[in-house]
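Peer 1: got a predicted structure plus its sequence, pasted below:
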Amino acid sequence: MSIVTATEEYVKARKLGTKEYQKALSEGHYTYLPALDDLIGSRTTMKEEKVGTKEIPLDYVVGTVTKGRQDAFARNFMPMLAPDTEFASKWISLYNYQTEEGITDAITVLEFMGKFYVIEGNKRVSVLKYLEQPTILADVTRILPEESDEPEIKLYYEFLKFYKCTSIYNITLTAGGAYYRLAEYVGEDLEKAPWSEENIMDLRSAYYTFKTVYYSLGGKNFQITPGDAFLVYIEMYKFDELRTPVADEIKKNLMQIWKEIRIRAYGNQIAFSEEPKLEKKTVLPIIDNIIKKTYSASRPLKILFIYDGDPASSRWINGHERGRKEIEDIFGEEVQTSFAASIVSDEDFDATVDKAAADGIDLIFTTSPIQIENALHAAVKYPSIKFLNCSIFLSKSALRTYYGRMYEAKFLLGAMAASMAEDHRICYVSNYPICGAVANINAFAIGAQMIDPKAEIYLTWSCLKNESWMDYMNENGLKLISGPDLVRPKKDDKAYGLFKFDENGGIVNIAYPEWKWGKYYELIVQTVLNDAWDAEASSNKDTAINYWWGMSSGVIDVFVGDNVPFGTKKLVSMLRKGITNDMYNPFEGDLISQEGPIKRPFTPKLSPEDIVNMSWLNDNVIGRIPDYDELTDIAQATVHANGMAIVTKSTLPEILEDDEST
């Protein structure tokens, strides 16, 4: 290439640099290349690790190590100096060499927190970035920050595990645990390096094709990395479908789940629907009545319940099955329901949904958090069917979740228990450490504490591998127990709800929390019949809808038995009225954990997100949240499916400093 032509290219590159310089200036950012030494100060106390000579993504080369000739480049590595300078002459020579021969000499860089800073080779980086080359050969040394609980540092060390397995630099994920999920979807384990060559090659190829298509659809406009978008994609579609990536197929699929990408881009926003919205708000009722889908005996709303167990033996599934039968009685011929039980394998689930689609099913309920992934894939495959999963805290619009604010009932039971505990000690048996479970424990403890300041809640779990809650109860001499919520079907089992032992060791049932699934399903079905389902989605753009209804909606309550004193019944009635009328919430005002104050007096109640993801225990709770490895296999599967941060060692919310106002 002639010198004149190369000089023209330099002028164009310089214009790009000037434009970036002006943009940085207007935004109040640093205008030149960042220097690593300015960012981290002295490197003498930090560990270094020789990575070797690698092809690194040019997008990740972001600055220099020392100031040096920093001002020769804008922050995008485009040149800033005049065309008649020695610097420009060398840049032009490099440009010619690249276009005629190809630059093969490795630059020298330091890698810090997944980004690269140049020691030697700035002009080579500039030329190749101008020519939009994807990678550059580099001799890489890694600077390791000190390990800590800072989310950014923890995420970086998670990335290093991923890199050790794959030697892939350019898949950037921004949420803790994301690399573990990616490994799982690929069929690998982040703790076992290296991965198979086939999986690494498939992942590279799939990601490259996905990224190209994603950017072509406008993905650069979102404030998330293409890696984050890629993870959403393989959550919705199985990774095996990407092993031979076809751009047109990816484009079609991406367009179908673009709303899920938007939800991720806007921070995984979840709209907690805390009260049923049964009527569609409309300004054109005549038109709406014309297009509204109506159901009748000749064209009923067809509903399928998919159970992962047997209603005859499972406490949980039995309640949902009774709820299914109730809505048949409520709606008559306008609604037709059916169920499929003991659907455990992926193959059985897929076959069940395929048959349901062929039979014209309109609405599918999946009643276990373990079914989330299968339900999500099915919802993408059959967008005309409405899918729900009985869980909470899912940031996907294709699948709605539904659950109850059970903590309200637990608060009442805690108050009742404290009024009847002669020794101030109460046993609380929790099932799984999933979303919402810790809120139930704390609400119970707070309710007890309000009635009896000396009340102590002895916490144990029914899901531990090597411990029985019955043994725990006996070892600690506990006589008043908040046990499993539900009665065991077809079995004479009185150890449920709030109960105590009499003088002869017999069980005396006191009260129990009620899941009113018939009412819950009635309300959900009514939203569909009233054409309010889609309207709620329209009013919650770029958010995922999670139904989280409580006592005010009639889906949660407390049954109080005849063994409860009259005064305690009045107390429960009064507290129930306060909860249902939104006059009181156990999580408003001051809250004190085992570690110290969480929230000060006279402050509003915690947000739904904070309640659902609660990871602290109230100060009168004796016990702890178990680690993942302590759980039974079924409990691990349930916790894994429900995405509970607790078992991934999430940190406690920032503890308030003690002061006079606490």
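Peer 2: Sure thing, it's come through.
Peer 1: burial of the residue lying closest to residue 205 once chain neighbours are set aside, as a residue count?
Peer 2: Spatial nearest neighbour of residue 205, chain neighbours left out: residue 245 (5.9 Å); criterion: Cβ to Cβ, 6 or more residues apart in numbering. Placement of C-beta: from N, CA and C, glycine included. As a burial measure, the neighbour count of residue 245 was computed by other Cβ atoms under 10 Å and equals 17.
Peer 1: pLDDT score for residue 245?
Peer 2: Taken from the predicted model, the pLDDT recorded for residue 245 is 86.
Peer 1: which phi and psi does it have?
Peer 2: Backbone dihedrals for residue 245, given as degrees, to the nearest 10, come out at phi -70, psi 130.
Peer 1: so where is the stretch 151-300 of the chain shaky, pLDDT-wise?
Peer 2: By pLDDT under 70, the low-scoring segments of the stretch 151-300 of the chain are 281-292.
Peer 1: residue 484 reaches residue 431, doesn't it?
Peer 2: Yes: at 7.0 Å, residue 484 and residue 431 qualify as touching, with contact defined as Cβ atoms under 8 Å.
Peer 1: any common contacting residues for these two?
Peer 2: Common neighbours of residue 484 and residue 431 are listed as residue 462 (criterion: Cβ atoms under 8 Å, 6 or more residues apart in numbering).
Peer 1: about what we covered before: I figured the residue nearest to residue 205 hits residue 212, correct?
Peer 2: No: taking contact to mean Cβ under 8 Å, the distance of 9.7 Å between residue 245 and residue 212 leaves them out of contact.
Peer 1: tell me where the model's unsure across this protein.
Peer 2: Counting by pLDDT under 70, the chain contains low-confidence residues at 1-4, 69, 281-292, 490-492, 643-662.
Peer 1: which residues in the stretch 451-600 of the chain form strands?
Peer 2: Here the stretch 451-600 of the chain has its strands, by DSSP state E, counting those that start in this stretch, at 456-461, 480-482, 498-501, 507-515, 544-549, 556-560, 591-593, 596-599.
Peer 1: what about stretch 525-544, start to end distance?
Peer 2: In stretch 525-544, first residue to last residue: 19 Å (Cα to Cα, to the nearest Å).
Peer 1: and that stretch, what's buried?
Peer 2: Buried residues in stretch 525-544, counted by 16 or more other Cβ atoms under 10 Å: 525-529, 531-533, 535-537, 543-544.
Peer 1: could you do stretch 305-325 as well?
Peer 2: Of the residues in stretch 305-325, those with enough neighbours to count as buried (16+ other Cβ under 10 Å) are 305-309, 311, 314-321, 323-324.
Peer 1: nearest to residue 232 among the residues you listed?
Peer 2: Minimum separation from residue 232 among the buried residues of stretch 305-325 (Cβ to Cβ) is found for residue 306, which lies at 24.0 Å.
Peer 1: just to check, the closest one is in contact with residue 337?
Peer 2: No: contact criterion Cβ under 8 Å: residue 306 and residue 337 do not qualify, at 11.9 Å.
Peer 1: find the residues that touch each one of the two.
Peer 2: Looking at what touches both residue 306 and residue 337 (by Cβ under 8 Å, 6+ apart), there is no common residue.
Peer 1: quick one: contacts for residue 126?
Peer 2: Residue 126 makes contact with 13, 73, 77, 78, 79, 91 under the criterion Cβ under 8 Å, 6+ apart.
Peer 1: at 10 Å instead, please
Peer 2: By Cβ atoms under 10 Å, 6 or more residues apart in numbering, residue 126 lies in contact with 10, 13, 17, 33, 61, 72-74, 76-79, 91, 94-95, 118.
Peer 1: remind me which helix or strand it belongs to.
Peer 2: helix 122-130 (DSSP states H and E).
Peer 1: follow-up on the earlier one: make TSV out of the strands of the stretch 451-600 of the chain and add distance to residue 639.
Peer 2: What follows is the strands of the stretch 451-600 of the chain, written out as TSV (distance: least, Cβ to Cβ, whole Å):
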stretch	distance to residue 639
strand 456-461	11
strand 480-482	21
strand 498-501	25
strand 507-515	20
strand 544-549	18
strand 556-560	23
strand 591-593	21
strand 596-599	23
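Peer 1: most neighbours per residue, which of the ones you listed?
Peer 2: Among those, ranked by average contacts under mean count of other Cβ atoms under 10 Å, first place goes to strand 480-482 (a mean of 26).
Peer 1: list the strands paired with that one, with their directions.
Peer 2: On the basis of DSSP bridges, the sheet neighbours of strand 480-482 come out as strand 425-430 (parallel), strand 498-501 (antiparallel).
Peer 1: how distant is the helix holding residue 126 from the center of its chain?
Peer 2: The chain centre lies 39 Å from the centre of helix 122-130; the measure is Cα atoms, centre = their mean, to the nearest Å.
Peer 1: just the buried ones out of the contacts of residue 126, please.
Peer 2: 10, 13, 17, 33, 61, 72-74, 76-79, 91, 94-95, 118.
Peer 1: quick one on the thing from earlier: helix or strand right after the helix holding residue 126?
Peer 2: Next helix or strand after helix 122-130 toward the C-terminus (DSSP H and E): strand 135-144.
Peer 1: tilt between that following strand and helix 122-130?
Peer 2: Relative orientation of strand 135-144 versus helix 122-130 (axes from the mean of the first three to the mean of the last three Cα atoms, to 10 degrees): 120 degrees.
Peer 1: who does strand 135-144 touch, helix- and strand-wise?
Peer 2: Counting contacts by 3 or more Cβ pairs under 10 Å, 6 or more residues apart in numbering; DSSP states H and E, the secondary-structure elements packed against strand 135-144 are strand 47-57, strand 61-64, strand 107-112, strand 115-120, helix 122-130, helix 151-166.
Peer 1: could you dump those to TSV with distance to residue 257?
Peer 2: Compiled in TSV, the helices and strands packed on strand 135-144 are given as follows (distance: least, Cβ to Cβ, whole Å):
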stretch	distance to residue 257
strand 47-57	26
strand 61-64	31
strand 107-112	33
strand 115-120	30
helix 122-130	32
helix 151-166	24
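Peer 1: so which of these is nearest residue 350?
Peer 2: Among the helices and strands packed on strand 135-144, helix 151-166 comes nearest to residue 350, with 29.3 Å by Cβ to Cβ.
Peer 1: the longest helix along the chain packs against which elements?
Peer 2: If each helix of the chain is counted by residues according to DSSP state H, the longest one is helix 3-27. The elements that helix 3-27 packs onto, with contact taken as 3+ Cβ pairs under 10 Å, 6+ apart, are helix 86-100, helix 122-130.
Peer 1: please tell me I have it right and residue 393 contacts residue 270.
Peer 2: Yes: between residue 393 and residue 270 a contact is recorded at 6.6 Å, counting by Cβ atoms under 10 Å.
Peer 1: which one of the buried ones among the contacts of residue 126 sits closest to residue 124?
Peer 2: residue 94 (6.2 Å).
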